[in-house]
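S.K.: return a 3D structure for these sequence lines:
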Amino acid sequence: MAWLPRSFLCGTLLGLLCLTAPGLAVEVKVPTEPLSMPVGNTAELICSYSTSVGSNFALEWSFVQPGKPISASKPILYFTNGHLYPTGSKAERASLLQNPPTGGVATLKLSDVRPSDTGTYLCHVNNPPDFYTNGLGLINLTVLVPPSRPSCSQSGSAFVGGSAALRCSSAQGAPKPVYTWARLGSFPTPSPGSVVQDEVSGQLILTNLSLTSSGTYRCVATNQMGTASCELTLSVIGPSEGRVAGTLIGVLLGVLLLSVAVFCLVRFQKERKKTPKEMYGGSDLREDAVAPGISEQASPKADSRKGLLERSLSASSATTTKSASTETTTKSRLPMII
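M.R.: Below you'll find the model as predicted:
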C-alpha cells in the first residue's frame with residue numbers, strides 16, 4: 001500500500017470536518033418559476049431552508065412592488081425569539097404554513113390576494129454565526145385579474161375618403177388583455193388593406209372610408225381570466241351630407257352672431273336713456289318756471305297764481321276809478337262864485 005502525501009490527508013480531513021460541522025451555512029430554496037394566483041384566492045409562497053436552528057435564528061418575509069429595487073422592500077412578517085410578528089398593510093392576511101418555522105419550512109400564506117399583491121416576495125433566513133450565504137430567496141407573484149369593461153372611443157374625420165381611429169382600453173386586467181375588433185350585423189366588411197388592428201394597444205384604424213364602413217363595432221378584451229367588451233357606432237358622412245352639415249353650421253353661426261348684435265344694441269339704448277338730458281342751476285329758475293317735460297296747462301299752481309294776480313290788478317283799478325269819481329262829485333256840489 002502506497003503512502004499518501006501528508007498534505008493530501010490533511011486537506012481531506014479538513015473537508016470532512018467542514019461538511020459535518022453544524023451551522024456552517026444557511027441554504028434557502030424557493031421555486032424558480034413565477035407564481036400566478038387568481039384574485040381572491042389564497043397564495044402559498046413556498047420557502048424552505050437548511051441550517052442548525054439556534055437561539056439566534058430569525059426569519060423575515062418582505063415585499064417589493066414591480067419595477068422597484070430590492071432595497072425598497074417592506075416587511076410583511078418576521079419571526080424571532082420564538083414569536084411571530086405580522087406587520088405592514090398585509091398583516092391581517094399574512095401567516096406561516098408552519099408556526100414556529102423551526103423545522104426547515106418557512107412558507108408564507110397570503111389570503112384574499114389582490115391586484116396590489118403583485119410583486120416580488122423575499123424569504124430571508126438569518127442564523128448567526130452562519131454567514132457563508134445570504135440566506136435569501138426571491139418569489140415573483142402575479143395576481144390574475146379578469147379584464148374590466150373596456151372603454152370605446154373614436155377620433156378622426158368620419159367622411160367618405162377620410163380615416164377614423166377606434167380605440168379600446170380596460171382599466172384593469174392581469175395579465176394585460178388582448179383586444180380584438182369586429183363589426184356587427186350583415187353589412188359588408190371594409191375591404192382588405194383599409195383596416196389596421198393592434199391587439200396590444202386596442203386600436204383599430206380605418207382608412208379610405210366609404211358609406212359601407214358605417215356600422216356598429218365591438219371590441220373584446222381577453223385574458224386567461226375572462227373577457228369583457230364595449231361597442232361603438234361609426235357613421236360615415238357622404239359628400240351631400242357634408243355640404244348640408246356645413247350649411248347648417250354656417251346658418252347657426254350667423255343666427256348666433258345676429259342675436260349677439262341685437263342684444264348689444266338693445267343694451268346700448270337702455271344705457272343711453274338712463275343718462276340725464278340737461279342740468280339746471282339755481283340762478284336760472286323763475287317763480288313761474290315749469291319743470292322740463294310738464295306743460296303750463298298741466299300746472300295748477302301756476303294758473304292759481306296767475307288768477308290771483310289778475311284779480312289784484314282789477315281791484316286796484318276799480319279803487320282808483322271810484323276815488324276819481326268821488327272827487328268830481330264833490331267839486332260839482334260846491335257853489336260857484338262869480
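S.K.: may I have the phi/psi pair for the residue lying closest to residue 107 once chain neighbours are set aside?
M.R.: Leaving out its chain neighbours, the residue that sits closest to residue 107 by Cβ to Cβ, 6 or more residues apart in numbering is residue 97, at 3.8 Å. To be clear about C-beta, it is placed using only N, CA and C from the backbone, and glycine gets the same treatment. Residue 97 adopts backbone torsions of phi -60, psi -40, taken as degrees, to the nearest 10.
S.K.: pLDDT at residue 97, what is it?
M.R.: pLDDT, residue 97: 94.
S.K.: what's it in contact with, if anything?
M.R.: 44, 105, 107, 108, 109 (Cβ atoms under 8 Å, 6 or more residues apart in numbering).
S.K.: and residue 238, how many neighbours?
M.R.: Neighbour count of residue 238, defined by other Cβ atoms under 10 Å: 13.
S.K.: quick check on it: phi, psi?
M.R.: According to degrees, to the nearest 10, residue 238 has phi -80, psi 180.
S.K.: distance check, the residue nearest to residue 107 against residue 145.
M.R.: Going from residue 97 to residue 145 by Cβ to Cβ, to the nearest Å gives 25 Å.
S.K.: list the contacts for the closest residue to residue 210 other than its chain neighbours?
M.R.: Closest residue to residue 210 apart from its sequence neighbours, by Cβ to Cβ, 6+ apart: residue 160 at 6.0 Å. Contacts for residue 160 (Cβ under 8 Å, 6+ apart) come out as 209, 210, 211, 236, 237, 238, 239.
S.K.: residue 109 too?
M.R.: Contacts of residue 109 (Cβ under 8 Å, 6+ apart): 42, 43, 44, 45, 94, 95, 96, 97.
S.K.: surely it is in a strand?
M.R.: Yes. Counting by DSSP: H, G, I helix; E, B strand; the rest coil, one finds residue 109 located in a strand.
S.K.: against which helices or strands is the helix or strand where residue 76 lies packed?
M.R.: In the assignment (DSSP states H and E), residue 76 maps to strand 74-80. Using 3 or more Cβ pairs under 8 Å, 6 or more residues apart in numbering; DSSP states H and E, the elements in contact with strand 74-80 are strand 58-64, strand 83-86, strand 94-96.
S.K.: what does the longest one contact?
M.R.: Among residues not part of strand 58-64, those counted as contacts by Cβ under 8 Å, 6+ apart are 45, 70, 72-80, 88, 90, 94, 101, 106, 108, 117, 119-127.
S.K.: change it to 7 Å
M.R.: With contact meaning Cβ atoms under 7 Å, 6 or more residues apart in numbering, strand 58-64 is reached by 70, 72-80, 101, 106, 108, 119-126.
S.K.: only whichever of those are buried, select them in ChimeraX.
M.R.: Selection of the buried residues among those in ChimeraX, burial being defined by 16 or more other Cβ atoms under 10 Å:
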select :73,75,76,77,78,79,101,106,108,119,120,121,122,123,124,125,126
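S.K.: list the contacts of residue 57.
M.R.: Residue 57 sits in contact with 102, 127, where contact means Cβ under 7 Å, 6+ apart.
S.K.: same thing but 10 Å
M.R.: 26, 49, 51, 79-82, 100-102, 125-128, 130 (Cβ atoms under 10 Å, 6 or more residues apart in numbering).
S.K.: again, but for residue 143
M.R.: Counting by Cβ under 10 Å, 6+ apart, residue 143 touches 35-41, 43, 110, 113-119, 174.
S.K.: can you give me the domain boundaries for the chain?
M.R.: 23-144, 151-238 (automatic domain parsing).
S.K.: in CSV: the ones you listed, plus distance to residue 258.
M.R.: Putting the domains of the chain into CSV (distance: least, Cβ to Cβ, whole Å) gives the following:
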stretch, distance to residue 258
domain 23-144, 57
domain 151-238, 27
